[in-house]
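*Asks:* When you get a sec, could you give me coordinates for this:
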Amino acid sequence: MENNYAKLAETLAASLHLSQPPVAVCFTDAVPASIPAHSGRAPAGCRFWEDAAAGVFATSSADHALCAIGVYTHNLEPTPAQQTDLMDALKVLGELGYVTERDLPLIPVLKSRRAHVVYAPLAQSPLPADVVLLFVDAGQTLILSEATQQVENQNAPAMGRPACAVVPQVMNTGRAALSLGCCGARAYLDVLKDDVALFAIPGAKLAAYTERIAALAQANMVLAKFHHLRRQDVEAGNAPTVKESLAAMGA
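*Replies:* Residues are numbered from 1 along each chain as shown. Next up, the predicted model:
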């Protein structure tokens with residue numbers, strides 16, 4: 001399956017029954033003239049993930065002005081004011097015991113520095129996607145975790161604060177990751193409700209992931225029916241064999 005983003009986005013949305021379109025995150029040093037700059041002011045860089053569901057736009061460090069943590073994790077060029085904000089934020093987080101000095105080396109920071117970040121609905125991405133973000137619930141995450149095991153022969157790490165660190169985590173390792181978000185992201189993103197998490201897929205592996213997700217979603221649908229019917233049969237006092245349960249499912 002080639003990187004036809006419109007087709008891949010359609011397959012992902014249909015297979016996982018996504019409530020928000022997949023979002024492409026693209027890092028670049030030069031923004032094509034056809035891509036508009038982000039308009040308005042964002043309270044945090046993670047807000048761009050939700051805004052991107054509505055259309056394509058480009059950002060620079062200035063658009064992340066109110067999010068010193070996001071500038072840090074995405075390795076954007078900080079202004080003196082952002083650097084001061086970062087130090088002030090870390091001081092408060094340390095005083096709360098939320099982020100200690102021992103935690104800082106464990107927070108992923110993008111290894112390379114780019115001048116701009118372009119956000120877009122995956123189907124409309126004008127640039128190669130470095131990371132693809134999916135807003136998912138536990139049932140959808142189940143399928144994604146199974147896909148990760150098949151594509152990468154390992155399980156995806158489950159990350160906590162800050163939510164934006166999932167982007168450098170995936171870009172630095174080339175492997176998918178699950179973000180449980182953070183209290184900041186859950187305050188700034190309407191889509192990140194209590195039962196929603198964020199799954200990030202490396203753009204280079206998107207086609208392979210999509211192929212496995214489609215197959216696993218279909219398999220889960222069939223197997224869920226099998227287990228549902230088997231439970232009903234057992235609760236009715238029977239002791240069906242697997243063959244008998246399969247026959248009941250096909251009836």
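
*Asks:* looking at this structure, which helix or strand does the model trust least?
*Replies:* With mean pLDDT, DSSP states H and E as the measure, the helix or strand of the chain carrying the lowest mean pLDDT is helix 80-95 (a mean of 81).

*Asks:* what about residue 62, distance to residue 115?
*Replies:* Look at residue 62 and residue 115: by Cβ to Cβ, to the nearest Å, they are 11 Å apart. For every residue, glycine as well, the C-beta is placed using N, CA and C.

*Asks:* Show the residue spans covered by the strands in this structure.
*Replies:* With DSSP state E as the definition, the chain shows strands at residue ranges 23-28, 57-60, 116-121, 131-136, 158-159, 177-179, 197-202.

*Asks:* Next, count neighbours for residue 89.
*Replies:* Residue 89 is flanked by 16 other residues according to other Cβ atoms under 10 Å.

*Asks:* So it sits against residue 69, correct?
*Replies:* Yes. Taking Cβ atoms under 8 Å as the contact criterion, residue 89 and residue 69 are neighbours in contact, 6.3 Å apart.

*Asks:* hey, which helix is longest across the protein?
*Replies:* Of all the elements of type helix in the chain, the one with the most residues (DSSP state H) is helix 206-235.

*Asks:* Okay, angle between that one and strand 23-28 too, please.
*Replies:* Taking axes from the mean of the first three to the mean of the last three Cα atoms, to 10 degrees, helix 206-235 and strand 23-28 form an angle of 160 degrees between their directions.

*Asks:* Can you list the buried residues in helix 206-235?
*Replies:* Within helix 206-235, the residues that count as buried by 16 or more other Cβ atoms under 10 Å are 206-214, 216-217, 229-230.

*Asks:* same thing with stretch 83-90?
*Replies:* When burial is assessed from 16+ other Cβ under 10 Å, stretch 83-90 yields the following buried residues: 85, 86, 89, 90.
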